[in-house]
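Asker: Quick check, what structure comes out for this input:
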Amino acid sequence: MKILQCYFCKKDVTFDTKIYIRDECPFCKRDLHICLNCEFFDEGAHHQCKEPQAEYVVDKEKANVCDFFQPSTGRKSDFNKKDEVKKRLEELFKKK
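Answerer: Next up, the predicted model:
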């Protein structure tokens, strides 16, 4: 049993073997086989993907047929940390 944290609702989704292109999050019903849920997704990389052989995907939030898709194994917590830091900075510097 493996676990993927859905990029959209942040809930843990369990799966047995792999995520297929038509798989949806059981909680928010969004696509799971997307760049934002992939281990290779990296905002700073070329085409936002660390896999050099992967084809360019325009919409990172929609299901795609990338053969290199690997479900993220917890890196999404880094996104949560970035969101938290951004929120704290906005609160610190907001105008009164």
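Asker: in stretch 26-35, what counts as buried?
Answerer: By neighbour count with 16 or more other C-beta atoms under 10 Å, stretch 26-35 contains the buried residues 30-35. Where you see a C-beta, it was placed from the backbone N, CA and C, and this is true even at glycine.
Asker: Surely Phe8 and Lys29 touch.
Answerer: No - with contacts counted by C-beta atoms under 8 Å, Phe8 stays clear of Lys29, the gap being 9.4 Å.
Asker: His33 contacts Ile21, doesn't it?
Answerer: Yes - the criterion here is C-beta under 8 Å, and His33 meets it with Ile21 at 4.7 Å.
Asker: So what's the residue count around Asn56?
Answerer: Careful, residue 56 is Tyr and not Asn. Look at Tyr56: counted by other C-beta atoms under 10 Å, it has 9 neighbours.
Asker: So for it, what's the pLDDT?
Answerer: With respect to pLDDT, Tyr56 scores 96.
Asker: I'd guess Val85 is in a helix, am I close?
Answerer: Yes - per DSSP: H, G, I helix; E, B strand; the rest coil, Val85 lies within a helix segment.
Asker: Give me the pLDDT value at it.
Answerer: For Val85, the predicted pLDDT is 75.
Asker: Pull the number of nearby residues for it.
Answerer: By the measure other C-beta under 10 Å, the count of residues near Val85 is 10.
Asker: Could I get the full set of strands for this protein?
Answerer: Along the chain, the stretches classed as strands by DSSP state E are 2-5, 12-15.
Asker: So which elements touch the first one?
Answerer: Translated: strand 2-5. When contacts are defined as 3 or more C-beta pairs under 8 Å, 6 or more residues apart in numbering; DSSP states H and E, strand 2-5 packs onto strand 12-15.
Asker: who does the strand it packs on touch, helix- and strand-wise?
Answerer: Judged by 3+ C-beta pairs under 8 Å, 6+ apart, strand 12-15 is in contact with strand 2-5.
Asker: ok, and what's touching the strand it packs on?
Answerer: Residues from elsewhere that reach strand 2-5 (C-beta atoms under 8 Å, 6 or more residues apart in numbering): 11-16, 19, 32, 37, 71-74, 76-77.
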